[in-house]
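J.: sharing a model prediction with you, sequence too.
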Amino acid sequence: MSTTLFSRGARAGVGWTLLAAALGAGLTACGADDHPAADEPYDAADQITFSGPTDAGKKADPDKPLVVTAAGSDGRITDVTAVDAAGRRVSGELTADGTRWHSTSPLAAGAHYKLTVRTEDDDGAPGRKVLDFDTSKPTTQKRLNVSFGPEAGTYGVGEPITAELDQPVKDKAQRAIVERGLQVESTPAVAGSWYWVDDKQLHYRPKDYWPANATITVHSDLENLRIADGLYGGTAKPLTITTGDRVVAVTDAATHRLTLYRNDEKVREIPVTTGKPGFETRNGVKVVLAKQYFVRMKSSTVGIAAGTSDSYDLPVYYATRVTWSGEFVHAAPWSVGSQGSANVSHGCTGMSTPNAKWFFDNIHEGDVVQVVNSKGDPMELFDNGYGDWNLPWQKWLQGSALTASPQSATPGPDQARLRPQSL
């Protein structure tokens, strides 16, 4: 007994039959009868009509696409929505003639769905049918788990969102499933995109910096979604962070000045020194990684042998870290005579102790520190801190599995656990 949809106001006897199936496996509506579902998916070669009690206890196979077909020639499908109990929507495509709709994103396993099909007959009169169905449980216990970063808190407008996977994902189609399931929302709203840094790490950023005083929420919709044969999405702890004021510090290595802007207004200009020849400070946009009141800086941590003319071993105060390889903005009382006129450091940005204290008190993790007019190499993109903003937006989009082929930017050796210091 098939379920037939008659359009409101249609001629008597004009109607058509709705068929739905998970290809290679049956899909059955729980319907108004709300019968309990069996543990095993229903297996049938043909499309299965939503028919109520005679098909009760059957479950759809989540490893197969969902298909809705209009049988007959007196009407067409105009829209289909499938939403599970967690609010996750299934994407789909409808044929131009309105006779067939199929899902383009995977169903979740062990989930309850509400399927809404909207139709119209040849006279344009609308019809609607709402059906419920369940999917069978996952066939494997293997899960892809995700950890979001940074930790909850307040950050500057340059802080990217990170997602760490507990196992690699290399296939582009599988990456697309993962990426669609990682949801980022901000208030105020801004458009952004994920970038695959490597097979296990993604970064998310907007085209420009985050808005000041924004709230950013991150969560995963991957739980129980099939990603690959034998692999389903696992759970992920959601994340909420906020941003503070828009703080951007710009260091001009040619004029030997650091200018701090808050919400696009110039706050203070500070005389500084940057890297001398052979130790030039990196050009480009960096993000504050941490602040340390005291750091013991040793030249040996950056490959300068002790006892050479460039070696050092000094106590350093008010140190703001911008790269993992040892670049800081810090107090340098020994170079006050050169600050504002010459570059004499080993790569860091040095300033007087009072100025360094002021900077330390007015800069926060996630704030932006940009160096211009240095003769040094450009800031690395990913393996030495957060150089994400140095990648133009169109190239950033190429790192998404949803917009283009992945960007061929292969990170160098992971330095995240190394904590050397340059001076």
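T.: Received the coordinates, thanks.

J.: Lys266 against Val250, yeah?
T.: No: in terms of CB atoms under 8 Å, Lys266 does not count as a neighbour of Val250; the distance is 9.8 Å. C-beta here means a position set from N, CA and C on the backbone, and glycine is covered the same way.

J.: for Gly399, which non-adjacent residue is spatially closest?
T.: Leaving aside its sequence neighbours, Gly399 sits nearest to Tyr195 (CB to CB, 6 or more residues apart in numbering; 3.5 Å).

J.: next: Ile77.
T.: Leaving aside its sequence neighbours, Ile77 sits nearest to Gly98 (CB to CB, 6+ apart; 4.8 Å).

J.: contact partners for the spatially closest residue to Glu380 that is not a sequence neighbour?
T.: Residue nearest to Glu380 in three dimensions, not counting chain neighbours: Gly387, with 5.2 Å by CB to CB, 6+ apart. For Gly387, the contact set (CB atoms under 8 Å, 6 or more residues apart in numbering) comprises Gly284, Val285, Lys286, Met379, Glu380, Leu381.

J.: regarding the residue nearest to Gly399, which helix or strand does it belong to?
T.: Element membership of Tyr195 [criterion: DSSP states H and E] is strand 192-198.

J.: and that strand, what does it pack against?
T.: For strand 192-198, the contact count by 3 or more CB pairs under 8 Å, 6 or more residues apart in numbering; DSSP states H and E identifies helix 172-181, strand 182-187, strand 201-206, helix 393-397 as packing neighbours.

J.: switch to 6 Å and redo it
T.: Counting contacts by 3 or more CB pairs under 6 Å, 6 or more residues apart in numbering; DSSP states H and E, the secondary-structure elements packed against strand 192-198 are strand 201-206.

J.: moving C-terminal from the strand it packs on, which element do we reach first?
T.: Next helix or strand after strand 201-206 toward the C-terminus (DSSP H and E): strand 215-220.

J.: what's the mean pLDDT across the strand holding Tyr195?
T.: The average of the pLDDT scores along strand 192-198 is 98.

J.: which residues are contacting it?
T.: For strand 192-198, the external contacting residues (CB atoms under 6 Å, 6 or more residues apart in numbering) are Glu179, Leu202, His203, Tyr204, Arg205, Pro206, Phe382, Trp396, Leu397, Gly399, Ser400, Pro406.

J.: quick one: strands adjacent to that strand?
T.: Using DSSP bridges, the strands paired with strand 192-198 in its sheet are strand 201-206 (antiparallel).

J.: and the angle for the strand it pairs with with helix 172-181?
T.: An angle of 50 degrees separates the directions of strand 201-206 and helix 172-181 when computed by axes from the mean of the first three to the mean of the last three CA atoms, to 10 degrees.

J.: and strand 201-206, C-alpha only, in PDB?
T.: Coordinates of each C-alpha in strand 201-206 appear next as PDB, following Å, rounded to 0.1, in the frame of the first residue of the first chain:
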ATOM      1  CA  GLN A 201      45.200  19.700  11.000                       C
ATOM      2  CA  LEU A 202      42.800  22.500   9.800                       C
ATOM      3  CA  HIS A 203      42.800  26.200  10.400                       C
ATOM      4  CA  TYR A 204      39.800  28.500  10.100                       C
ATOM      5  CA  ARG A 205      39.900  32.300   9.500                       C
ATOM      6  CA  PRO A 206      37.800  35.000   7.900                       C
END
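
J.: which residues touch that strand?
T.: Taking CB under 6 Å, 6+ apart as the criterion, the residues outside strand 201-206 that touch it are 160-164, 184, 190, 192, 194-197, 388.

J.: of those residues, which pair is most distant in space?
T.: Largest separation among these by CB to CB: Glu164 and Val190, giving 23.1 Å.

J.: the two: who's more crowded?
T.: Set side by side, Glu164 and Val190 give different neighbour counts by other CB atoms under 10 Å, the larger being at Val190 (17 against 13).

J.: rebuild the contacts of strand 192-198 as CSV, extending it with pLDDT and neighbour count.
T.: Conversion of the contacts of strand 192-198 to CSV gives the following (pLDDT from 0 to 100; neighbours: other CB atoms under 10 Å):
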residue, pLDDT, neighbour count
Glu179, 97, 22
Leu202, 98, 26
His203, 98, 21
Tyr204, 98, 20
Arg205, 98, 23
Pro206, 98, 20
Phe382, 96, 22
Trp396, 97, 23
Leu397, 97, 17
Gly399, 97, 23
Ser400, 97, 20
Pro406, 36, 16
